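Novice: Provided below are the primary sequence and the corresponding predicted coordinates.
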Amino acid sequence: MKYTDKVKRRIYYYVVANYKRIESDEFILGEIPWNYKCHMNSIQKVKEGKAQKVYACVAIGNSWKDIFIHFINQLEDGKYQDNTWGYTYEDNRYYLIREIAESEYKDIGNVFDSIRESLIKPNSTKFLRWLFKTGTEFI
């Protein structure tokens, strides 16, 4: 098994064990701009008044190797909405990490980096992080 696979498997089990999964019936269809800017899209929806909150989550695709830090919205009725991947939310499992405070919107890149570090650091070794420089190869 490659080193990256080993770390991804650890991250996968860590996420599943430690974060609440959003069930598919808690989601509604969102927009799909195909721009891969989930952090910006979710903030924009709040600023437009089309969503109430921004949440950081981990999205896991069909394979445990497909792990993404992702940002989604929560609406007034409590439903979640993915305003980046649109209907393809059906192909992923989402695990909530935390709500993003409005005061963090301007530093959303730092929030992303902090979440990445919080997932990679406890699930890898110092050597692996050095080998892959920042660890961005993992997620």
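Specialist: Happy to help now that I have it. Residues are numbered from 1 along each chain as shown.
Novice: any idea of the mean pLDDT for the longest helix belonging to the chain?
Specialist: If you go by DSSP state H, the chain has its longest helix at helix 3-18. Averaged across helix 3-18, pLDDT comes to 91.
Novice: how far does it sit from the chain's center?
Specialist: Distance of helix 3-18 from its chain centroid, counting by Cα atoms, centre = their mean, to the nearest Å, is 14 Å.
Novice: Likewise for stretch 67-87?
Specialist: 10 Å.
Novice: export the longest helix of the chain as PDB, just CAs?
Specialist: Below are the C-alpha coordinates for helix 3-18, written out as PDB (Å, rounded to 0.1, in the frame of the first residue of the first chain):
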ATOM      1  CA  TYR A   3       2.000   5.900   1.900                       C
ATOM      2  CA  THR A   4      -0.600   8.300   0.600                       C
ATOM      3  CA  ASP A   5      -3.200   5.400   0.600                       C
ATOM      4  CA  LYS A   6      -2.300   4.600   4.200                       C
ATOM      5  CA  VAL A   7      -2.800   8.200   5.300                       C
ATOM      6  CA  LYS A   8      -6.100   8.500   3.400                       C
ATOM      7  CA  ARG A   9      -7.400   5.300   4.900                       C
ATOM      8  CA  ARG A  10      -6.500   6.700   8.400                       C
ATOM      9  CA  ILE A  11      -8.300  10.000   7.600                       C
ATOM     10  CA  TYR A  12     -11.300   8.100   6.300                       C
ATOM     11  CA  TYR A  13     -11.700   6.100   9.500                       C
ATOM     12  CA  TYR A  14     -11.000   9.200  11.600                       C
ATOM     13  CA  VAL A  15     -13.800  11.200   9.800                       C
ATOM     14  CA  VAL A  16     -16.300   8.400  10.000                       C
ATOM     15  CA  ALA A  17     -15.700   7.900  13.700                       C
ATOM     16  CA  ASN A  18     -15.600  11.500  14.800                       C
END
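Novice: Tell me who's in contact with Ala51.
Specialist: Ala51 makes contact with 42, 45, 73-75, 81, 83, according to Cβ atoms under 8 Å, 6 or more residues apart in numbering. Just so you know, the C-beta spots here come from the backbone N, C-alpha and C atoms, and that holds for glycine as well.
Novice: Thanks a lot, see you next time.
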